[in-house]
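Peer 1: got a structure for you, letters missing:
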């Protein structure tokens, strides 16, 4: 795996730092490679559903951002990406620490098709809790 | 439109009150009818993406909860619902006050197919910002 | 509902006539209005799944084409549309005569978000058998 | 990869033989392993869209059946599966010979989450033309 060019790496990190949602979730970037981005965040008290697991919106938000930054990592410097649509299948309850791994399936000029898997780590066990598939749209800044 | 039975109405409101995610988003129930639930929340500072609009995770969370409670409203008292999968198309930026309207497309014994539309109200204008379609699974408590 | 301009009407019908899949399915256009297109086809012997109902691919094909032509009906004359992605929820078995009703949710410059509902008519009863939601991409001819 | 038990292998092949849609498409089973099924079919004249590529309904049908049989391959003998929902992203035009590879992401008691990738082979080149993600429902025969 080659490294990201320094200016693209800086662009992705700056965009991530501007997402107040990511800060509220306590999320951080754990992998940043061309076409592959992983984010991690703990399941926090203020972001749960009625049974005490993370709300699907949290799992979605991490998967969406991981997939979006995977797309952004392969775009030219002057291009931003926006989420057009995503589908999520929830596989298991979200508890412990979440890791969202985003990747690019196909980077086109008009559309970037992306996927993400979200895992939960608890007591040394890693569980696949969600699979996402969707579309990002490149937009000139 | 008939009213919800009092015990079902109470069950839905109690479940909503237990979702700390809804409290963090500042969300409230604005409609609660059989098979139709609307939620509303302001776009808050801590829940934005890099351009200052609500993060897609917020729009998704509201649409998911509105659709899930629409499903719950038509279930027997001893049944809970879980989100199996949802797809969201984002139509316009999320800003101002968000209203998510959930509805049941088909309530089966094994699966409840649901949809939701999310609107943004700003300066007296209402914009359709997202359409969701997905599946809830009934689970005995 | 206003009528379609004659040249757009002709463009849609010519494109439909070129889809050999629609001919093989025995499909015809039953409604063609700006942003709304309905197609109809019988469930034929050669297009079934293992239980004797129409294969999901048939229901999908009709819904996809209905939604795509709904999108095409609101595009300028020199623009074609391509399906980028669609999600389908199957609600009931497909038998009898199928009617797919496509509509435009949002027509943008880059993307056209569409939906379709598919119904089955048998012995005078009309059943909602599928809901589709997806994205078409306008392409200059 | 272990082999499928003989009775499960026979059940899957018998179900496939009953899908008249697969026969009409000229489809055959090329891989049949626990949780992994690949189908192949040529793009035929009667199944095209307006530009001469395979209609999205064909790509969907092959991906759906490959994913469904991947699910069926890990179910007990007395269980059938039905497609509840699927999402497809189309990545490139479908031409030449299509190969759909289905796999199980999570086999639960109530739901089986599946995925499929569809490839087109033409002149010795293999192109990824579609990604599907969806849900199958186990049903007792």
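Peer 2: Everything's here; your move. Computed from a predicted model, the values in this text were never measured in an experiment. Numbering: from 1, shown residues only, chains lettered A, B, ... in the order given.
Peer 1: The host helix or strand of residue A:103 near chain B at all?
Peer 2: Secondary-structure assignment from DSSP states H and E places residue A:103 in strand A:97-107. No. Contact of strand A:97-107 with chain B is not found when judged by C-beta under 8 Å from any C-beta of the partner chain; the minimum separation is 11.0 Å. Just so you know, the C-beta spots here come from the backbone N, C-alpha and C atoms, and that holds for glycine as well.
Peer 1: Check whether that strand comes into contact with chain C.
Peer 2: No. Judged by C-beta under 8 Å from any C-beta, strand A:97-107 and chain C are separated, with a smallest distance of 10.8 Å.
Peer 1: Next secondary structure after that strand?
Peer 2: Counting by DSSP H and E, what follows strand A:97-107 is strand A:112-122.
Peer 1: Now do the helix or strand that that next one is followed by: which elements does it pack against?
Peer 2: Counting by DSSP H and E, the next helix or strand C-terminal to strand A:112-122 is strand A:125-140. Here strand A:125-140 touches helix A:56-72, strand A:79-90, strand A:97-107, strand A:112-122, strand D:79-90, strand D:97-107, strand D:125-140, going by 3 or more C-beta pairs under 8 Å, 6 or more residues apart in numbering or on different chains; DSSP states H and E.
Peer 1: can you list those in JSON lines and add mean neighbour count and mean pLDDT?
Peer 2: JSON lines is the format used below for the helices and strands packed on strand A:125-140 (neighbours: other C-beta atoms under 10 Å in any protein chain shown; pLDDT from 0 to 100):
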{"stretch": "helix A:56-72", "mean neighbour count": "29", "mean pLDDT": "98"}
{"stretch": "strand A:79-90", "mean neighbour count": "24", "mean pLDDT": "98"}
{"stretch": "strand A:97-107", "mean neighbour count": "21", "mean pLDDT": "98"}
{"stretch": "strand A:112-122", "mean neighbour count": "23", "mean pLDDT": "98"}
{"stretch": "strand D:79-90", "mean neighbour count": "24", "mean pLDDT": "98"}
{"stretch": "strand D:97-107", "mean neighbour count": "21", "mean pLDDT": "98"}
{"stretch": "strand D:125-140", "mean neighbour count": "20", "mean pLDDT": "97"}
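Peer 1: Export those to a markdown table and append columns for distance to residue B:116.
Peer 2: Putting these into a markdown table (distance: least, C-beta to C-beta, whole Å) gives the following:
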| stretch | distance to residue B:116 |
| --- | --- |
| helix A:56-72 | 12 |
| strand A:79-90 | 14 |
| strand A:97-107 | 23 |
| strand A:112-122 | 21 |
| strand D:79-90 | 15 |
| strand D:97-107 | 24 |
| strand D:125-140 | 18 |
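Peer 1: do you know which of these lies nearest residue C:135?
Peer 2: Judged by C-beta to C-beta, the one of the helices and strands packed on strand A:125-140 that comes nearest to residue C:135 is strand A:79-90, at 5.9 Å.
Peer 1: doesn't residue A:35 make contact with residue A:73?
Peer 2: Yes. Under the criterion of C-beta atoms under 8 Å, residue A:73 makes contact with residue A:35 at 6.1 Å.
Peer 1: Find residues that contact each of those two.
Peer 2: Common neighbours of residue A:73 and residue A:35, using C-beta atoms under 8 Å, 6 or more residues apart in numbering or on different chains, are residue A:104.
Peer 1: Neighbour count for those two, which is higher?
Peer 2: residue A:73 (23 against 17; other C-beta atoms under 10 Å in any protein chain shown).
Peer 1: can you tell me which residues contact that one?
Peer 2: Taking C-beta under 8 Å, 6+ apart, we find residue A:73 in contact with A:4, A:8, A:12, A:32, A:33, A:34, A:35, A:36, A:37, A:104.
Peer 1: same question, residue A:69
Peer 2: A:12, A:15, A:16, A:29, A:32, A:37, A:39, A:102.
Peer 1: thinking again about what came up before, out of the helices and strands packed on strand A:125-140, which is closest to residue C:111?
Peer 2: Residue C:111 lies closest to strand A:79-90 among the helices and strands packed on strand A:125-140, at 5.9 Å (C-beta to C-beta).
Peer 1: Show me what from chain A comes close to chain C.
Peer 2: Proximity of chain A to chain C, by C-beta under 8 Å from any C-beta, involves residues A:84, A:85, A:87, A:110, A:111, A:113, A:135, A:137.
Peer 1: Which members of the residues you listed are the farthest-apart pair?
Peer 2: So, the residues of chain A next to chain C by C-beta to C-beta: farthest apart are A:87 and A:110, at 19.3 Å.
Peer 1: measure residue A:132 to residue B:120 for me?
Peer 2: 23 Å (C-beta to C-beta, to the nearest Å).
Peer 1: Kindly report the same for residue A:124.
Peer 2: For residue A:124 relative to residue B:120 (C-beta to C-beta), the value is 43 Å.
Peer 1: can you check residue A:23 too?
Peer 2: For residue A:23, the distance to residue B:120 - C-beta to C-beta - is 22 Å.
Peer 1: again, but for residue A:14
Peer 2: Residue A:14 is 26 Å from residue B:120, where distance means C-beta to C-beta.
Peer 1: Dead centre of chain A: give me the residue that sits there.
Peer 2: In chain A, the centroid-proximal residue (C-alpha atoms, centre = their mean) is residue A:66; its distance is 1.5 Å.
Peer 1: How about that one, nearest residue that isn't a chain neighbour?
Peer 2: Leaving aside its chain neighbours, residue A:66 sits nearest to residue A:102 (3.2 Å; criterion: C-beta to C-beta, 6 or more residues apart in numbering or on different chains).
Peer 1: Let me see the contact set for that neighbour.
Peer 2: Shown in contact with residue A:102 (C-beta under 8 Å, 6+ apart): A:36-39, A:63, A:65-71, A:114-116.
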